[in-house]
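# missing the sequence, but the structure's below:
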């Protein structure tokens, strides 16, 4: 199950990366097709006029690609790619946590999780279709107010309930900064706020937006997006491995 969760995340990240380079990919396809058309017009139809055989148009589009002229119009997508990455990352972390909690409840009769008190009404039970087993992880998340778009909350959740600790390194600092950036992109037009500055003040050292000032408008680059994606991949891979190891230890001790 953990490999499936990570595989889904990796596929989602690849989709975001393709989105970032969609303009270049599209131009590449257009140039390839135009090159073939121009060749056939020259060879089969004997059309030598560059205005009629597509050569002039091909040169024009080639110049656009060489100069990356569409980037300035396409860069609005880059900030949205950051929003998508944070969303996919949070979803993956949440799925790993839910899986870990479900497995621990099912295989560890001595788990302290069994002592957790959850308040429910009959209305709550009805909304859950009377199925508490599948709902248990989400009930715990709601009770503890965990959010997986915050690394402090994420580390606390995995440490306290699955016994899994993660280091606070440069990659994690990059993710913290990215999560804070995502919030202002979505809610205040990508403008850096005092609150955001406070959120990232301890996230050092980092490579993502290391120097910020209140009021500036954030604009991410493809290079930053690639680094964020790689940091997230590495984090998820290590976390998944540690969750699996913790569950194996629990299962072994319960026997």
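Good, I have the coordinates. Source: prediction; values computed, not measured. Numbering: from 1, shown residues only.

# Residue 228 contacts residue 85, doesn't it?
Yes - assessed by Cβ atoms under 8 Å, residue 228 is found in contact with residue 85 at 5.7 Å. (Each C-beta comes from the backbone N, C-alpha and C, glycine too.)

# Can you work out which residues contact both of the two?
Here residue 228 and residue 85 share the contacting residues residue 178, scored by Cβ atoms under 8 Å, 6 or more residues apart in numbering.

# and residue 88, how far is that from residue 147?
Applying Cβ to Cβ, to the nearest Å, the value for residue 88 to residue 147 is 15 Å.

# out of the two, which sits in the busier spot?
residue 88 (21 against 15; other Cβ atoms under 10 Å).

# Excluding sequence neighbours, find me the nearest residue to the more buried one.
Nearest residue to residue 88, sequence neighbours excluded (Cβ to Cβ, 6 or more residues apart in numbering): residue 12, at 4.2 Å.

# How about residue 54?
Nearest-residue entry for residue 54: residue 38, 3.9 Å, with adjacent residues in sequence omitted and distances by Cβ to Cβ, 6+ apart.

# Which residue ranges make up the domains of this structure?
2-16+76-254, 20-74 (automatic domain parsing).

# looking at the ones you listed, which is buried most?
Ranked by mean neighbour count under mean count of other Cβ atoms under 10 Å, the domains of the chain are led by domain 2-16+76-254, which reaches a mean of 16.

# how would you label the closest residue to residue 59 other than its chain neighbours: helix, strand or coil?
Spatial nearest neighbour of residue 59, excluding adjacent residues (Cβ to Cβ, 6+ apart): residue 50 at 7.8 Å. Secondary structure, DSSP: H, G, I helix; E, B strand; the rest coil: residue 50 is coil.

# Was I right to think residue 50 contacts residue 56?
Yes - using Cβ under 8 Å, residue 50 is in contact with residue 56, at 4.5 Å.
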